[in-house]
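Colleague: just a sequence and a predicted model for now, questions to come.
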Amino acid sequence: ERVSADTFFCFIHDFPDPVRVLLGIFFIRPLHQDKERIEIPSAEAGNIAWHFINAETGSHDSINRVAIAATTEDILNIVRYTFGITYRKDTIAWSRYLTHVQLFAERLVTGTLLPEEPDHMLYEQLQQTCRKEFMCVDRIRVYVEEKFRQKLSSQEQMYLAIHLHRILSDVIASGEDNQG
């Protein structure tokens with residue numbers, strides 16, 4: 001008889017810290033070889049990796065983790081559908097982008113968004129240069145206001161736009177833009 005363990009976190013291939021995922025795989029591997037034949041999904045390694053991260057940060061709130069993961073997925077989908085792109089998940093640009101979105105989602109869920117930027121010059125320049133990125137940031141802003149009843153500061157909007165610009169540049173450079 002086989003026993004299967006469920007997991008709430010299925011971003012194993014998207015995980016920003018592959019070293020911790022490898023540690024998680026290292027820990028679940030002996031269970032796959034056990035004579036009881038306990039079958040554990042490989043995504044469970046992601047859960048183990050999150051435990052390592054939580055131990056380092058002191059965060060043990062699983063409800064927040066679920067909300068952060070769901071919010072991250074929502075934002076990734078807003079971007080994906082806005083631009084009709086397929087993410088290249090084997091790149092540094094993807095890893096940086098995903099990490100930023102996850103940290104942004106964490107700040108959003110915990111109510112610790114970055115404050116307003118006192119100098120709006122950089123914001124205004126970036127807004128003029130990265131028009132399509134700010135169009136997407138505006139969709140994320142609407143999502144944040146509707147779901148979380150929070151306002152995005154110009155600082156949060158700038159960081160989102162910069163990371164969107166990087167991920168779009170990466171997708172366009174690969175020739176995979178508008179592949180959905």
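Modeller: Sure thing, it's come through.
Colleague: who touches the helix or strand encompassing Ile172?
Modeller: Taking DSSP states H and E as the definition, Ile172 sits inside helix 154-173. Outside helix 154-173, the residues that touch it by CB atoms under 8 Å, 6 or more residues apart in numbering are 79, 83, 85-88, 91, 93-94, 96-97, 100-101, 104, 107, 113-117, 120, 122-123, 126-127, 130, 132-134, 136-137, 140-141, 152, 177. Using the backbone N, CA and C atoms, a C-beta is placed for each residue, glycine as well.
Colleague: rerun that using 6 Å as the cut-off
Modeller: Helix 154-173 is contacted from outside by 85, 91, 93, 97, 100, 113-114, 117, 123, 126, 130, 133-134, 136-137, 177, using CB atoms under 6 Å, 6 or more residues apart in numbering.
Colleague: would you list every one of the strands in this protein?
Modeller: Ranges of strands within the chain are 3-4, 38-39, based on DSSP state E.
Colleague: and those strands, which one averages the lowest pLDDT?
Modeller: Between the strands of the chain, the lowest average pLDDT goes to strand 3-4, which shows a mean of 34.
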